[in-house]
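S.K.: got a predicted model here, sequence first, then my questions.
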Amino acid sequence: MENSSHPPFAAPRPVNTVLGQKSHETLGITDAHNHVWIGATPGADAAAPVLDQFDLIRNELLSYRAAGGGTLLDCQPGGCGRDINQLIRLSKESGVNIIASTGFHRRKYYPADYWLFGAQTSKIADHLTAECRVGLEEYSGNKEKPRAGFIKIALEADWKDTPQAAVEAAAAAACETGMLLEIHTERGQLAEKAVLYFTDQGVAPHQLVLCHIDKRPDYSLHAELSRFGVLLEYDTFFRPKYQPELNVWPLILTMVNAGLSDHIALATDMAEAEMYKSIANGPGLASLPGSIQTRLDQMGIPLKSIQQMLGENIARRLAGIH
């Protein structure tokens, strides 16, 4: 891969949170990929996760804040459980900055007739752009609509199974707005194809975040993607089937020793209720500023690298800095 030139956007720019715009320098420790509220979606896959116990979620966010957490990126796009009204309440009552997303998730999380999967590229792109610039559609308050702070999309395991008009629209909206584009990958599959596709469409490498890429712990691939300019999101710390002791922790150390900690963003991706400590005594959101940060320190990773991976990198990308 060779990095190509892209037209710059003015940076730094304010980051859109659900309570308004904030400077990227004030976000603090930031979970780069999580789910704070997922309402039940009629017609979606019966196994689709639901996170809707308000008081327990608020308590979880309070614990995250008490442990030193400042911000979370909520990766549930519209139409499959996102509720900006609940995100606003949760942010106000916990003191945690929540950054909402526009975009689309995997098709199975929607009813079969959801409009986006049958729409033309231009209509989808207009919708995504409007949610970034005007506001999120389900907002029911009487103040200015909160705006999406980034675009999140999901690739299927096979490129041909991913809705092409939606992918094209996401690229167009990212080019139009300069927004960060988080890309769900199925165990890291299609990472190279996605990067080449979106940069060919005009999206700058520094706008791209490859999610769950630590499920494919190939150091050579990660190094190449980093040097190209992409941000890599790691989140398998509490998922035993991905053998974190053999994979993500050694991968982090190798990347840091190679001088690539400025291209990693850490997260916990707790979409399932059983992952929440307040709901099912799981590891909980507070583990990022807590046990994960402690482990990084115990590994001898420099403080600057820890700060980069626990918030600085994703904050700078949200603000358009690279």
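M.R.: Yep, it's here. Numbering: from 1, shown residues only.
S.K.: and the helix or strand where residue 131 lies, what does it pack onto?
M.R.: Per DSSP states H and E: residue 131 is located in helix 121-133. Here helix 121-133 touches strand 101-103, helix 164-177, going by 3 or more Cβ pairs under 8 Å, 6 or more residues apart in numbering; DSSP states H and E. Any C-beta I mention is one placed from the backbone N, CA and C, and that applies to glycine too.
S.K.: give me the buried positions along stretch 214-224.
M.R.: 214-217, 221-223 (16 or more other Cβ atoms under 10 Å).
S.K.: closest to residue 197 out of those?
M.R.: The nearest member of the buried residues of stretch 214-224 to residue 197, counting by Cβ to Cβ, is residue 221 at 16.4 Å.
S.K.: any idea how far residue 187 is from that closest one?
M.R.: 13 Å (Cβ to Cβ, to the nearest Å).
S.K.: which other residues reach the helix or strand hosting residue 193?
M.R.: According to DSSP H and E, residue 193 maps onto helix 191-200. Residues outside helix 191-200 that contact it (Cβ atoms under 8 Å, 6 or more residues apart in numbering): 1, 4, 6, 155, 159, 167, 171, 174, 181, 183, 185, 205, 207-208, 210, 213, 216, 221, 225, 228, 230.
S.K.: then stretch 256-268?
M.R.: Outside stretch 256-268, the residues that reach it (Cβ under 8 Å, 6+ apart) are 30-34, 73, 209, 211, 222-223, 225-227, 229-235, 237-238, 252, 255, 275, 283, 285, 287-288, 292, 301-302, 304-305, 308-310, 313-314, 317.
S.K.: next step: those residues restricted to helices.
M.R.: Residues from those lying in helices, with DSSP state H as the criterion: 222-223, 225-227, 252, 255, 304-305, 313-314, 317.
S.K.: now, of these, which are buried?
M.R.: 222-223, 225-226, 252, 255, 305, 313-314, 317.
S.K.: out of those residues, which is nearest to residue 18?
M.R.: residue 314 (16.5 Å).
S.K.: what score does the closest one have for pLDDT?
M.R.: At residue 314, the pLDDT value in this model is 98.
S.K.: swap in the one 5 residues further on?
M.R.: Residue 319 is assigned 98 on the pLDDT scale.
S.K.: would you list the helices and strands packed on helix 121-133 in TSV and tack on distance to residue 114, mean pLDDT and mean neighbour count?
M.R.: Formatted as TSV, those follow (distance: least, Cβ to Cβ, whole Å; pLDDT from 0 to 100; neighbours: other Cβ atoms under 10 Å):
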stretch	distance to residue 114	mean pLDDT	mean neighbour count
strand 101-103	13	98	29
helix 164-177	11	98	21
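S.K.: so for residue 78, which of these sits nearest?
M.R.: strand 101-103 (6.5 Å).
S.K.: show me what that closest one is packed up against.
M.R.: helix 121-133, strand 150-154.
S.K.: and among those, the most buried is which?
M.R.: Highest mean neighbour count among these (mean count of other Cβ atoms under 10 Å): strand 150-154, with a mean of 26.
S.K.: quick one: that one to helix 164-177, angle?
M.R.: 160 degrees (axes from the mean of the first three to the mean of the last three Cα atoms, to 10 degrees).
S.K.: returning to what we had before: so which of the helices and strands packed on helix 121-133 comes closest to residue 84?
M.R.: Using Cβ to Cβ, the helices and strands packed on helix 121-133 put strand 101-103 closest to residue 84, at 10.5 Å.
S.K.: neighbouring strands - and their directions - for that closest one?
M.R.: Partners of strand 101-103 in the sheet, by DSSP bridges, are strand 150-154 (parallel).
S.K.: turn the helices and strands packed on strand 101-103 into JSON lines, columns for mean pLDDT and distance to residue 242.
M.R.: Below are those laid out as JSON lines (pLDDT from 0 to 100; distance: least, Cβ to Cβ, whole Å):
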{"stretch": "helix 121-133", "mean pLDDT": "98", "distance to residue 242": "30"}
{"stretch": "strand 150-154", "mean pLDDT": "98", "distance to residue 242": "18"}
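S.K.: which pair in the buried residues of stretch 214-224 spans the largest distance?
M.R.: So, the buried residues of stretch 214-224 by Cβ to Cβ: farthest apart are 215 and 223, at 16.9 Å.
S.K.: what residues are up against residue 98?
M.R.: Contacts of residue 98 by Cβ under 8 Å, 6+ apart are 17-19, 36, 71-72, 74, 87, 90-91.
S.K.: what is the nearest of these to residue 102?
M.R.: For those, the nearest to residue 102 is residue 74 (11.1 Å; Cβ to Cβ).
S.K.: pull the contacting residues for the closest residue to the closest one other than its chain neighbours.
M.R.: Leaving aside its sequence neighbours, residue 74 sits nearest to residue 36 (Cβ to Cβ, 6 or more residues apart in numbering; 4.8 Å). Applying Cβ under 8 Å, 6+ apart to residue 36 gives the contacts 51, 57, 61, 72, 74, 76, 87, 90, 98.
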